[in-house]
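**Q** following is a predicted model, sequence given first.
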Amino acid sequence: MAHVLIPTDFSDNALNAAIYAVRLFGEEGNTFTLLHAYRMPHGTAGAMWNMAEMLAHDAKEDLGEFHKQLLNALPDLKPEFELCCEHGDLPNVVNRFKADPVPPDLVVMGTQGASGLKETLFGSNTASVIKTQGLPVLAVPEKAIYRSPKRILLADDGGPTDKPALKVLMDIARWSHSEVMIVRVVNEEVGTEDTGTSTALDDVLGAIPRSHHYLSGDNVEKALNDMADQNDVDLVVVMHRQ
């Protein structure tokens, strides 16, 4: 059972990410929260009160319409949704959910490009949530079409890793029977022949099918992207260590 938080700005990109999230996790036993965070424009105090009520009303209506669009896009499923509109910057609103009795297991958001943790590609909201909130984030490229994951690339930077940090990955790998490709990129001076064949990730992943791959190169992002493309990878997992 998972609680998946899906922020939306009502765009086609956000709708695609929401569809992907529901298809990935399925309807049985999972809860999906559709979240819209809105901000107040600058103005005088007298006008702000009326504006706040109007913005809250419009946000709820728009979120309700988005919910209908999402259900229409998933005719074969009947997922459980909670709808939430809150005032504030999205990263701060998402941070509030961490204190809930049942905090989100994952935040799912759309991206504006295929790769690179840059605001111009991910969008400023997605990049901010990834960098500041300490929750797992699934960033769905704008034209991604869901298919059941069969191969997951896990970037290994050699740092410490525990089971809670990879819980979402492990759950997805188990129910989809995916292979996890553990990929370590080393610089030219080290060389792949100087690396071992086992890492601490083996202890964490347990019985999940996996393979080890060592690449030599100085551009880690390019090496990972090339590996993902060449092996028809469905998901790429990278640990964020502040």
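**A** Noted; the coordinates are in hand. Numbering: from 1, shown residues only.
**Q** look at the residue nearest the centre of the chain and tell me its secondary structure.
**A** Among the residues of the chain, the one closest to the centroid is L138, at 1.1 Å (Cα atoms, centre = their mean). Classification of L138 using DSSP: H, G, I helix; E, B strand; the rest coil returns strand.
**Q** residues in contact with it?
**A** Applying Cβ atoms under 8 Å, 6 or more residues apart in numbering, we find L138 in contact with 20-21, 24, 106-109, 168. Every residue, glycine included, has its C-beta placed from N, CA and C.
**Q** could you do N231 as well?
**A** 151, 153, 181.
**Q** longest single helix anywhere in the protein?
**A** helix 45-72 (DSSP state H).
**Q** that helix: how far from the chain's middle?
**A** With Cα atoms, centre = their mean, to the nearest Å as the basis, helix 45-72 stands 25 Å off its chain's centre.
**Q** all helices for this structure, in order.
**A** Under DSSP H, the chain gives helices at 12-25, 45-72, 90-97, 119-122, 124-132, 167-176, 200-205, 220-230.
**Q** and the last one, what does it pack onto?
**A** Using 3 or more Cβ pairs under 8 Å, 6 or more residues apart in numbering; DSSP states H and E as the contact test, the elements touching helix 220-230 are strand 151-155, strand 179-186, strand 210-216.
**Q** what pairs with the first one, parallel or antiparallel?
**A** For strand 151-155, the paired strands and their directions (DSSP bridges) read strand 179-186 (parallel), strand 235-237 (parallel).
**Q** please identify the buried residues of that strand?
**A** Of all the residues in strand 151-155, those buried under the rule 16 or more other Cβ atoms under 10 Å are 151-155.
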